[in-house]
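Engineer: need a 3D model of the following:
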Amino acid sequence: MDIVIRPAEPGEYETLGEITAQAYLRDGLLDFGESDGYLGELRDVAKRAAAAEVLVAVAEGQVLGGVTFVPSGGPMADISGPGEAEIRMLAVAHAARGRGAGEALVRACLDRARATEGCVRLVLSTQRTMHAAHRIYERLGFLRTPERDWNPIPHLDDIALLTYELTL
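Structural biologist: Below is the predicted model:
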């Protein structure tokens, strides 16, 4: 099966939003389940697409997953600084996992970072329990950067995010 990575089309936003939300919910990554405020952000692909580049992995006409690529200095950046691009919200549908879509999406972000003038590094944040994603990042050469780990909700210590970077 050939996986194609390309920019998400508006008609796919709802599908990708639901894939992303369900990936986080099924993997227990949202502290408050369906009432978690971040769930709305995960589902709002149109908002992400207006501020960054949203990519989808497609096979046989079906969206398998997606990722948001934030070029250097983009409004969706969480941790990137000057000369850095960022990966956000990588998610693959539960039924499509293990088929290479996640890795293909990360590789596409690497290609975009390398093609971005002045970009010297690709960075990302990830939750501690996202072990499959960690394996992808490490296999592709990303290194842990514990000095950049951070917490999006400071009063909830168990949400601390791990960070990785890859120097291009």
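
Engineer: what's the distance between Leu90 and Glu117?
Structural biologist: 24 Å (C-beta to C-beta, to the nearest Å). (C-beta placed from N, C-alpha, C; glycine too.)

Engineer: neighbour-wise, which of those two wins?
Structural biologist: More crowded of Leu90 and Glu117, by other C-beta atoms under 10 Å: Leu90, with 23 against 6.

Engineer: surely the more buried one and Gly65 touch.
Structural biologist: Yes - the pair Leu90 / Gly65 is scored as a contact, 7.5 Å apart, by C-beta atoms under 8 Å.

Engineer: can you tell me how far the closest residue to Arg128 other than its chain neighbours is from Arg135?
Structural biologist: Using C-beta to C-beta, 6 or more residues apart in numbering and skipping residues adjacent in sequence, the residue nearest Arg128 is Leu162, 6.1 Å away. The gap separating Leu162 from Arg135 is 13 Å, by C-beta to C-beta.

Engineer: which one's more surrounded, those two?
Structural biologist: The residue with the greater number of neighbours, taking Leu162 and Arg135 and applying other C-beta under 10 Å, is Leu162; the counts read 18 against 12.

Engineer: in contact with that one, which residues?
Structural biologist: Residues near Leu162 by C-beta atoms under 8 Å, 6 or more residues apart in numbering: 125-128, 134, 144, 146, 149.

Engineer: repeat that for 7 Å
Structural biologist: 126, 128, 144, 149 (C-beta atoms under 7 Å, 6 or more residues apart in numbering).

Engineer: tell me the predicted confidence for the nearest residue to Val58 once chain neighbours are set aside.
Structural biologist: Excluding its sequence neighbours, the residue lying closest to Val58 (C-beta to C-beta, 6+ apart) is Val4, at 5.0 Å. Confidence per residue is given as pLDDT, and for Val4 that number is 98.

Engineer: so Val4 versus Arg139, what's the distance?
Structural biologist: Taking C-beta to C-beta as the measure, Val4 and Arg139 are separated by 21 Å.

Engineer: ditto for Asp78
Structural biologist: If you go by C-beta to C-beta, the gap between Asp78 and Arg139 works out to 23 Å.

Engineer: who's more crowded, these two?
Structural biologist: Counted by other C-beta under 10 Å, Asp78 and Arg139 do not tie: Asp78 has more neighbours, with 14 against 10.

Engineer: and Asp111, how many neighbours?
Structural biologist: 12.

Engineer: can you list contacts of the one helix or strand it maps to?
Structural biologist: Using DSSP states H and E, Asp111 sits in helix 101-115. Helix 101-115 is touched from outside by 3, 5, 53, 55, 57, 64-67, 69, 85, 87, 90, 92, 119, 122, 133, 136-137, 140, 168, with contacts defined as C-beta under 7 Å, 6+ apart.
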